[in-house]
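Enquirer: Quick check, what structure comes out for this input:
(chains A, B, C and D)
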There are 2 protein chains.
Amino acid sequence: MTTPTRTPDPAGTDADTEPLRTTEDFLRLDQQICFSLNAASRAFGGVYRVVLKDLGLTYPQYLVMLVLWEHGELPVKKLGEHLRLDSGTLSPLLKRLEATGLVRRERSALDERSVVVRPTDEGRALRERALAVPRRIAAATGFDLDEIRELRARLDKLTAALDEADLESG
Amino acid sequence: MTTPTRTPDPAGTDADTEPLRTTEDFLRLDQQICFSLNAASRAFGGVYRVVLKDLGLTYPQYLVMLVLWEHGELPVKKLGEHLRLDSGTLSPLLKRLEATGLVRRERSALDERSVVVRPTDEGRALRERALAVPRRIAAATGFDLDEIRELRARLDKLTAALDEADLESG
DNA sequence: CGTCACTGGATTGTGCACAACTGAATTGTG
DNA sequence: CACAATTCAGTTGTGCACAATCCAGTGACG
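Expert: Predicted coordinates:
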């Protein structure tokens, strides 16, 4: 309560004064990181929500369409690998996209276990209107291309590290 | 994905060669950004899920407890301002925290509209065990403190820009 | 052929996020 | 005082994320 922030003083090596207080600072710093990432993700979601409303898409649905626009057609499994999403998330999402007429889902003839998702003509046509989206998003961030690239690189590095972490050590 | 990166060549002003390709690249780049942020957020969530399982907390519940540990007690409104969450998210979340005995909720005597949330003894005791969390998270990221601070600053700047954006211009 | 292990997708259940709405309490104004 | 506007929680409905589970189809083996 009312912790006087006590920045860790990077220059001073006074590890003998109060090392325990540092643990408290870690907890505060930790708060900052998860807060920041969480808030940034939701703020992004909010902007996308507004921009994508015209297209009738949610943010995750837009991500699915981006992948389909780039790859043409994919089984659900491959789609999930691109998006890092499992069938529990994708199945209902794809059904909604099918209900709005943007994609079709059909069992593969070669492997009856697999369901292939492909954009309909309407889904492909939507791409033209979606071309306006990135510029609006970029404008909302106020970042230039180099900043965006830099941030993306750091986030990818972070994601890779988090995926690699085994967490076995308590 | 074997993207040849096609950096927009900031020096060259060859707008005559292929200006259309640039729009396509924007869409691809945009994909990268939202992908990256989305993936990083969920990867973080996954790590927190594992680490927090011992404490019996979800990631957002942990965020709530962090705020309560720091501020002692808060009305729901203030809590929402700290976390950027509205009552539709907080009300059921706080009920679950109350059901597990970590917080208590009671109407303010001064303003009957307001509900004050305060940690119970058990909730305050949980803080001791939570002190181990930040170190495990930091270890999972593989980032040092400077990298974390840098990334946090960029994310906060991004969030602020996204919140400020009016988006009125189509 | 029978059966066993594996794979891909769907389903179920829990929880988060947010828009829209409801309703009670409070405040402002005549 | 009466009454309109505002504030604060809560509720409802929709959609995303993920763990756990189920089941049909597949392929290997005897």
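Enquirer: C-alpha only now, for contacts and for neighbours.
Expert: OK.
Enquirer: what's the weakest-modelled helix or strand in chain A?
Expert: Within chain A, no helix or strand scores below helix A:19-52, which has a mean of 80 by mean pLDDT, DSSP states H and E.
Enquirer: touching DNA strand C at all, that helix?
Expert: Yes. Contact of helix A:19-52 with DNA strand C (CA under 7 Å from any atom of the strand) involves A:38, A:42-43, A:45-46.
Enquirer: Can you show me the strands along chain A?
Expert: For chain A, applying DSSP state E gives strands covering A:74-75, A:103-107, A:115-119.
Enquirer: Mean pLDDT and distance to chain B added to those, as a markdown table?
Expert: Shown next, in a markdown table, are those (pLDDT from 0 to 100; distance: least, CA to the nearest CA, whole Å):
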| stretch | mean pLDDT | distance to chain B |
| --- | --- | --- |
| strand A:74-75 | 98 | 15 |
| strand A:103-107 | 97 | 19 |
| strand A:115-119 | 98 | 18 |
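Enquirer: highest average neighbour count across those strands?
Expert: Each of the strands of chain A was scored by mean neighbour count; the highest is strand A:115-119, a mean of 21, by mean count of other CA atoms under 10 Å in any protein chain shown.
Enquirer: quick one, that strand and strand A:103-107 angle?
Expert: With axes from the mean of the first three to the mean of the last three CA atoms, to 10 degrees applied, the angle from strand A:115-119 to strand A:103-107 works out at 160 degrees.
Enquirer: quick one: strand A:115-119 to chain centroid distance?
Expert: Strand A:115-119 sits 22 Å away from the centroid of its parent chain (CA atoms, centre = their mean, to the nearest Å).
Enquirer: Wondering if that strand reaches DNA strand C at all.
Expert: Yes. Legend: contact between strand A:115-119 and DNA strand C by CA under 7 Å from any atom of the strand is shown at A:115-116.
Enquirer: any idea which of the residues of helix A:19-52 next to DNA strand C is closest to DNA strand C?
Expert: Of all these, DNA strand C sits closest to residue A:42, with 4.5 Å by CA to the nearest atom of the strand.
Enquirer: Tally up the residues packed near the closest residue to residue A:86 other than its chain neighbours, please.
Expert: Using CA to CA, 6 or more residues apart in numbering or on different chains and skipping residues adjacent in sequence, the residue nearest residue A:86 is residue A:80, 5.6 Å away. Counted with other CA atoms under 10 Å in any protein chain shown, the neighbours of residue A:80 add up to 16.
Enquirer: residues in contact with the most centrally placed residue in chain A?
Expert: Centroid-nearest residue in chain A: residue A:41, 7.3 Å away (criterion: CA atoms, centre = their mean). Residues counted as contacts of residue A:41 (CA atoms under 8 Å, 6 or more residues apart in numbering or on different chains) are B:37-38, B:41.
Enquirer: Low-confidence ranges, chain A, go.
Expert: A:1-27, A:29, A:166-170 (pLDDT under 70).
Enquirer: Please list the residues of chain A that sit near DNA strand D.
Expert: Selection of chain A residues close to DNA strand D by CA under 7 Å from any atom of the strand yields A:58-61, A:84-89, A:92-93, A:96, A:110-113.
Enquirer: Selecting buried members of those residues in PyMOL, what would you type?
Expert: Buried residues among these (16 or more other CA atoms under 10 Å in any protein chain shown), as a PyMOL selection:
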select buried, chain A and resi 58+59+60+61+85+93
